[in-house]
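I need the structure of the sequence given here:
(chains A and B)
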Amino acid sequence: MRTIFSLKSEVVLCFIFFLSISESFAQQQNAGELHGNFQLDAQYYNKDSLIGAPVVPEKVLTNGFMNLWYTRGAFSAGIRYESYLNVMQGFDPRYRGTGVPFRFASYQNEQLEATVGNFYEQFGGGLILRAYEERGLGYDNAFEGVRVRYQPVKGLYLKGLIARQRTFFSLSPGIVRGFDGEINFNELISSLADKKTAVIIGGSIVSRFQTDQDPIYNLPENVGAFEGRMNIIRGKFNLLAEYGYKYNDPNATNGFIYKEGQALSITSTYSTKGFGLLLAAKRLDNFDFRSDRTAAGIGANINFLPALTRQHTYNLPATIYPYATQPNGEMGFQAEMTYKIKKGSKLGGKYGTEVTVNFSGTNGIIKRSVDNDTLGYSSPFLKASKEMFFRDFHIEIHKKINANLKVNLMYLNWVYNKDVVQGLAGFGTIYANMGVLDISYKLAKRHTIRLETQALFTKQDMGSWAMALLEYTFSPSWFVAVLDQYNYGNSNETLRIHYVTGNTGYNYKGNRIMLQYGRQRAGIFCVGGVCRNVPASNGLSISILSSF
Amino acid sequence: MKILTLSLLLLVSFSKAQVIDNKRPMPAVDLKSLEGAVVNTSTFDNNDAPIVISFWATWCKPCVTELTNIAEVYEEWQKETGVKIIAISIDDARNQSKVAPFVNGKGWDYEVYLDPNADLKRAMNVNLVPHTFLLDKDNQIVWQHNSYAEGDEEHLFELIKKLVAGQEVSEK
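The predicted structure follows:
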């Protein structure tokens, strides 16, 4: 495994290359564009033994990065410098020091796009391959290698790649090879162009190579996976189905069994103006796929398996008991209906009323023992076990009362199997009810005040919570907010703590600066579909963002 | 070596500030329409009237508030300035199927595209959503804004009117 620290000379060369191209074009009409973005997060940590915040010897920790891209016509190139001095609490400690872990050059014309260096890619829905970044969570499994996207005719899309994957400041040992093809029949065949029904099919093959140095087991060095998908769209209907299969892949997350893996996802939607309906189902069985068979936790993931539940943004539902996909076996469903009660009707009022009802649930799969125990287990394909992992039923009503006043109301009923979702023992299943009331009032042109109150009721685990947020915004630049989370129902009285933070921020065009002071609760923090555990902390933090 | 790298980085960003500050063209990136078709951003066109590009996601509350508030005045905006709003959803596979029912359920009349691999998000250097860009008649980015607060749309509309009137929209 080589580290990126040893690439300094290469990096400097890369900069000089940049400088020289931009210099040489600077005098010309089309000098190309240099653009990018920047982010710096820093926190000063206070001691706080009450919430179990770890002692930070450095006192101040910072994460920062800058993307710098150069584009000129068909050519583009870019780098990202990252700095973790030292890495902030809650991020993986393998982010250590500084470096340039992302750099690429790319050429693109109408048919062909070739990229060398680092890149992100997704085949279909990502069931067997997706590399992406979520900087706020410290998640980045970018590829490093070569990728070609090719479109020989309109309606036919081909992609191929060979690469290794980033794991923090090094590369994962496996080599990933992948090919994807997609056909859009309505684009490909001109006589179908005006047909009401659109049909798109696609498929991909991905293979990982990793040497076997195990003294006992004969581990497969090449592990293959394939995926097929179909999307049928007819007017208001949309049906999307994706199936994936993975050959035997003994690895750290499945206990080194030689069983095959399977995944199926089906989603159908119907929507018309003012009404939307979604029905979805998913099954996963032994489908954790990584470019390093010894990896566990976060890192070296080749595929992307998001949870089939609504992604919540209100603080208590989003952070206290969020569901996380169980790649080694789960079966779930989701149904969601959105409806806008018409303006002028009794319930709709002057502006109409929006109602969303969502119900999702996930259970385990049946695992039967088999004679050959290297295969692990066998599992009937379309059957779920009785073991409940998660349930989320909620209803949300959004109503604009008048030109200045808006109200959002939400009720949630959850079942959360803490042992399974967090990989623990002895916590059992938690039953919780939650309520949210969010009121926004416009005081004057560009001045708005918002009050958000939330409550979570449960007799189990940490007990009940209440939360309140008061926010004042002065468009287009300023905001100030105070937030309190109060664990008033904790059975241990000394842990009935207020977690109070004050926040303020300033925006100007593509720039944003934010300050936060206070006590941050430990919990799972989810943004953009991934979740990470944040330890409790207490202190002052600052974030600076810029896009240019 | 670290210091050298950093100073070079700073040198590049400052010495080329002129390049950065000038308006730049909308990058050419493939997106997906809600009907599954591949659409390249170079085909974005609004008959010489301005375009607003708004990055959003179904799970992003301020994004949804912004697009809902603009939806209420969109007809007036269009009549007065001819502006077109293009909403780019950065939802991934978890929520991508929800985008069409969501947009229809809200009754939005925007052009909506999906950017599941975040190719356009990266090419336009978006850190967080919501992030809004204003393009002139030549599809040049002339202004951008990160985050949304109630009333921001009024400021945006003033800039659109300035742009249509042929004035400079820069806030520098």
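
what about the strands in the stretch 1-150 of chain A?
Taking DSSP state E, counting those that start in this stretch as the criterion, the stretch 1-150 of chain A contains strands spanning A:33-45, A:60-72, A:75-84, A:97-108, A:112-119, A:121-122, A:130-131, A:133-134, A:139-140, A:143-150.

Show me the one of the ones you listed that comes nearest chain B.
Chain B sits nearest to strand A:33-45 of all the strands of the stretch 1-150 of chain A, at 3.9 Å, using CB to the nearest CB. Any C-beta I mention is one placed from the backbone N, CA and C, and that applies to glycine too.

Looking at the stretch 101-250 of chain A, which residue is nearest chain B?
A:Gly125 (4.0 Å).

centroid residue for chain B?
Nearest residue to the geometric centre of chain B (CA atoms, centre = their mean): B:Ile53, 2.5 Å.

Distance-wise, check the residue of the stretch 101-250 of chain A closest to chain B relative to A:Pro327.
15 Å (CB to CB, to the nearest Å).

How about A:Pro306?
For A:Pro306, the distance to A:Pro327 (CB to CB) stands at 11 Å.

rewinding a little: how many other residues sit next to the residue of the stretch 101-250 of chain A closest to chain B?
Neighbour count of A:Gly125, defined by other CB atoms under 10 Å in any protein chain shown: 27.

and if you look at A:Ile542?
Look at A:Ile542: counted by other CB under 10 Å, it has 15 neighbours.

give me the element it is part of.
In this assignment (DSSP states H and E), A:Ile542 forms part of strand A:537-547.

Hmm, B:Leu128 is touching B:Tyr148, no?
No. Counting by CB atoms under 8 Å, B:Leu128 sits too far from B:Tyr148 to count as a contact (10.8 Å).

more crowded one of those two?
Neighbour count, other CB under 10 Å: between B:Leu128 and B:Tyr148, B:Tyr148 has more, with 29 against 21.

My reading is that the more buried one lies in a strand. Confirm?
No. If the criterion is DSSP: H, G, I helix; E, B strand; the rest coil, then B:Tyr148 is coil and not within a strand.

Contacts (any at all) between chain A and the longest helix along chain B?
Longest helix of chain B, by residue count under DSSP state H: helix B:61-81. Yes. Helix B:61-81 reaches chain A (CB under 8 Å from any CB of the partner chain) through B:Lys61.

and A:Leu278, what is it in contact with?
A:Thr267, A:Ser268, A:Thr269, A:Gln334, A:Ala335, A:Glu336, A:Met337, B:Ser97, B:Lys98, B:Pro101 (CB atoms under 8 Å, 6 or more residues apart in numbering or on different chains).

The third one bridge partners, please.
This means A:Thr269. When assigned by DSSP bridges, A:Thr269 has beta-bridge partners A:Asn238, A:Leu278.

where's it relative to A:Asn251, distance?
With distances taken as CB to CB, A:Thr269 is found 35 Å from A:Asn251.

Looking at those two, which is more packed in?
Legend: neighbour count by other CB under 10 Å for A:Thr269 and A:Asn251, higher for A:Thr269 (23 against 20).

just checking, that one touches A:Asn238?
Yes. The pair formed by A:Thr269 and A:Asn238 meets the contact definition of CB under 8 Å, at 4.7 Å.

Now do the shared contacts for those two.
Taking CB under 8 Å, 6+ apart as the criterion, A:Thr269 and A:Asn238 both touch B:Ser97, B:Ala100.

rewinding a little: most neighbours, which of the contacts of A:Leu278?
The residue in those with the most neighbours, by other CB under 10 Å, is B:Lys98 (26 neighbours).

Next, count neighbours for the spatially closest residue to that one that is not a sequence neighbour.
Spatial nearest neighbour of B:Lys98, excluding adjacent residues (CB to CB, 6 or more residues apart in numbering or on different chains): B:Thr58 at 5.3 Å. When neighbours are counted by other CB under 10 Å, B:Thr58 registers 20.

what sits against residue 51?
Picked chain A for this. A:Ile497, A:Tyr499, A:Arg519, A:Arg521, A:Ala522, A:Ala536, A:Asn538.

actually it's chain B I care about, not the one you picked
B:Phe44, B:Val83, B:Lys84, B:Ile85, B:Ile86, B:Leu134, B:Leu135, B:Asn139.
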